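Participant: Show me how the following folds:
(chains A and B)
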2 protein chains.
Amino acid sequence: MSELTIWTYDWVPEGPRGFVRDLRLRWACEEAGLPYAVQTVPFDGRETNHLSSQPFGQVPFLSDGELQMFESGACLLHLAWKSDTLMPCDEAGQAHTLQWAIAALNSIEMVSVPWWFLTISGNADNDLAGWMGKRLYQLEDVLGERDWLAAGRFTVADLLMADVLRVPKVRTFGNRPASEAYVARLTDRPAFRKAYADQMAHFEQADETRA
Amino acid sequence: MSELTIWTYDWVPEGPRGFVRDLRLRWACEEAGLPYAVQTVPFDGRETNHLSSQPFGQVPFLSDGELQMFESGACLLHLAWKSDTLMPCDEAGQAHTLQWAIAALNSIEMVSVPWWFLTISGNADNDLAGWMGKRLYQLEDVLGERDWLAAGRFTVADLLMADVLRVPKVRTFGNRPASEAYVARLTDRPAFRKAYADQMAHFEQADETRA
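Facilitator: Prediction:
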C-alpha cells in the first residue's frame, strides 16, 4: 500500500471537474514518479463533515504515512522536497522555486480567484478587474522572457502557476501570448494529462455509483 | 556587514505605515536573532523602478549574500529554515508549520486582502463579505481550541497569520474573541514590537529627508 494518499471529494458537479485541486497533487506525484493512492470524503456535507482534516471544509488534503496535512500549496511543497524533478537541489534554485510557488498563491491567485468569484457571480466588470489585469500583464512580461519561472527548468512553481493560470476565465483574460504558450506547454506534459484524465475518470465513475 | 538585507520603500504615506510587509521579515529576524540590514528602493516610481528585483513592483524583497528573492511568504520560509525558533526540526512540525503559513496566504489572505481592497474602495458590503465571514469564523473555531497553529508552539505560521489578521478592518470583522486574543498575544511579543517601532521610525526619518 502506498504511503501517500491524496484525499478528494467522492463526487463533484460537472463544473469544477478537471479543476478540483487534488489535481495539483496528482500532477506532482506523476511528475516525480511518487506512488500514491486516492481516497475520498463525501461532497454532500462537505462544509462540516471533514473539518478535523481540513478546517475550511475543502479538499485536497494529503496523508504521508502517519502525517496528514492540508493546503494544496503546502502539500505540493512537501511533495516537492521528495524529488529533484519538482525542486532543485541548490539553495538558489530552491529559494526561487519557493518564491514563484508563493507568487502563484499570493500574488496571482489572491487576485484571480476573488476576481473569478465576482465574475461568475454575475459581475464581470467588477472592481478587481484593474488589479487583475495589472498582475497578469506583469507576469506576461516575465513569461515573455523565459520558459520556466525558476532555476531555468521545470519546477513545482511552474506546476502551480500553470494550474492557477489555466482556469478558463483567467486563461482568456486579455491578450497574453507568452502566458498562453506557457499554459499550453505545461498542460501538454504527460504527467498533467494523466492527472487530468484520472480526475475526470474518478468523478465520472462516481456518477454511476450516485445514479 | 550583515548577510541579510531586507529591502523596503524609502518612504510611504502615513496610511500603510506599520503594515508594509518588510515588517514580516524584520519580525522574523528579531524572533530568530538573525542580524540584518535594511535598504530601500524609491517609493516614487515604484510600479516600474525595481521590476528586476520584484516583478510586481512591490516590497519587500530579501538579499541573503548573493541570493535575492521576493514574496514575503517565501522570504519568511527561507528565514524560518535558518532557525528552530521559527520552524520546528521534526518532519510533522515542519509540515504543519508550512501548512498554516500557506493557509494564512492562500485561505485567509486570498479573501481578506481583496475584501479589504473593495471595502476601502467604498464598497463595505461587497460580494466577498460572506466568504470572508465564513473563513474567519472557521479560523476562529481553530484558534478557540489552541494557542498556536502548528506544533504546539510559536512558529513562523503564527507570525504570518497574526500579520494577516491584525489589519484593522480584518481584526474588527465580526465578534471573534479567540482570534482577537491571538492577535493581541502575538503583537505583544518583543520581537513584533521592535519590528513595528523600527518600521515606524524608518518612515518618520524619511519624512525629514523628504520635507
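Participant: Would you mind measuring from residue A:38 to residue A:9?
Facilitator: 11 Å (Cβ to Cβ, to the nearest Å). Glycine gets a C-beta too; all of them are placed from N, C-alpha and C.
Participant: I meant to write residue A:97 there.
Facilitator: For residue A:97, the distance to residue A:9 - Cβ to Cβ - is 29 Å.
Participant: more crowded one of the two?
Facilitator: residue A:97 (26 against 21; other Cβ atoms under 10 Å in any protein chain shown).
Participant: And the average pLDDT for the longest helix along chain A is what?
Facilitator: If you go by DSSP state H, chain A has its longest helix at helix A:190-210. For helix A:190-210, mean pLDDT is 95.
Participant: List the contacts of that helix.
Facilitator: Residues outside helix A:190-210 that contact it (Cβ atoms under 8 Å, 6 or more residues apart in numbering or on different chains) are A:8, A:10-12, A:17-18, A:20, A:22-23, A:26-27, A:30-31, A:38, A:162, A:186-187.
Participant: Please flag which of those sit within helices.
Facilitator: Those of the contacts of helix A:190-210 lying in helices (DSSP H): A:22, A:23, A:26, A:27, A:30, A:31, A:162, A:186, A:187.
Participant: Next one: the last one from residue A:39, what distance?
Facilitator: For residue A:187, the distance to residue A:39 equals 26 Å [Cβ to Cβ].
Participant: Compare these two (neighbour count), which wins?
Facilitator: Counting neighbours by other Cβ under 10 Å for residue A:187 and for residue A:39 shows that residue A:187 has the greater number, 16 against 11.
Participant: Now for the nearest residue to the more buried one once chain neighbours are set aside: which residues touch it?
Facilitator: Closest residue to residue A:187 apart from its sequence neighbours, by Cβ to Cβ, 6 or more residues apart in numbering or on different chains: residue A:166 at 5.8 Å. Residues near residue A:166 by Cβ under 8 Å, 6+ apart: A:183, A:186, A:187.
Participant: Any idea how many residues pack against residue A:90?
Facilitator: Residue A:90: 10 neighbours (other Cβ under 10 Å).
Participant: I should have written residue A:125 there, sorry.
Facilitator: 7.
Participant: how would you label it: helix, strand or coil?
Facilitator: coil (DSSP: H, G, I helix; E, B strand; the rest coil).
Participant: so how far is residue A:119 from it?
Facilitator: 9 Å.
Participant: What of residue A:75?
Facilitator: 27 Å.
Participant: Same drill for the two, tell me which one is more crowded.
Facilitator: Higher neighbour count among residue A:75 and residue A:119: residue A:75, with 27 against 19, using other Cβ under 10 Å.
Participant: ok, now which ones touch the more buried one?
Facilitator: A:24, A:25, A:60, A:61, A:62, A:69, B:99.
Participant: and if you look at residue A:113?
Facilitator: Applying Cβ under 8 Å, 6+ apart to residue A:113 gives the contacts residue B:110.
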